[in-house]
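In: Build me a model:
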Amino acid sequence: QMQLVQSGGGLVQAGGSLRLSCAASGRTLRSYRLGWFRQVPEKEREFVAAINWSGDTAAYADTVRGRFTISRDNANDTMALEMNSLKPEDTAIYYCAARPMGSWYDASAYVYWGQGTQVTISS
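Out: Okay, here's the model as predicted:
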């Protein structure tokens, strides 16, 4: 069983930056594809970004492409989401997740989830 523990997030003004981190314990992240999702009240969890096992291929939602960067450190079993040029519409609870296979974009394909962290962007 793998546990994912998130850190980072918080409140920042529009145009600012934040970094989210996610650390794994119990199992190594190396054989998992990783992703970040976000959710606002009364809406479904939304795909943000994903990265393959080696870290050389990534995918992004159109709404964040060019502003967010996903990364992973297999040696330390961690992953991160660097968020720049933040907008009020980026406000959400952000989740890191891991999956052994399956769609990058489908939340149901992910097996392990972090506890979630609030990101709030003020205008």
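In: okay, CA-based contacts and neighbour counts for the rest of this
Out: Will do.
In: Check which helix or strand residue 93 maps to.
Out: strand 92-99 (DSSP states H and E).
In: which residues sit against that strand?
Out: 4, 6, 22, 29, 32-40, 109-120 (CA atoms under 8 Å, 6 or more residues apart in numbering).
In: That strand: what's the following helix or strand?
Out: Strand 92-99 is succeeded, C-terminally, by strand 112-113 (DSSP H and E).
In: Show me what that next one is packed against.
Out: For strand 112-113, the packing partners by 3 or more CA pairs under 8 Å, 6 or more residues apart in numbering; DSSP states H and E come out as strand 3-8, strand 92-99.
In: deepest of those strands, which one?
Out: Of all the helices and strands packed on strand 112-113, strand 92-99 has the most neighbours on average by mean count of other CA atoms under 10 Å, namely a mean of 24.
In: Could you tell me how far that strand lies from the centre of the chain?
Out: 5 Å (CA atoms, centre = their mean, to the nearest Å).
In: so for that strand, what's the average pLDDT?
Out: Throughout strand 92-99, pLDDT has a mean value of 97.
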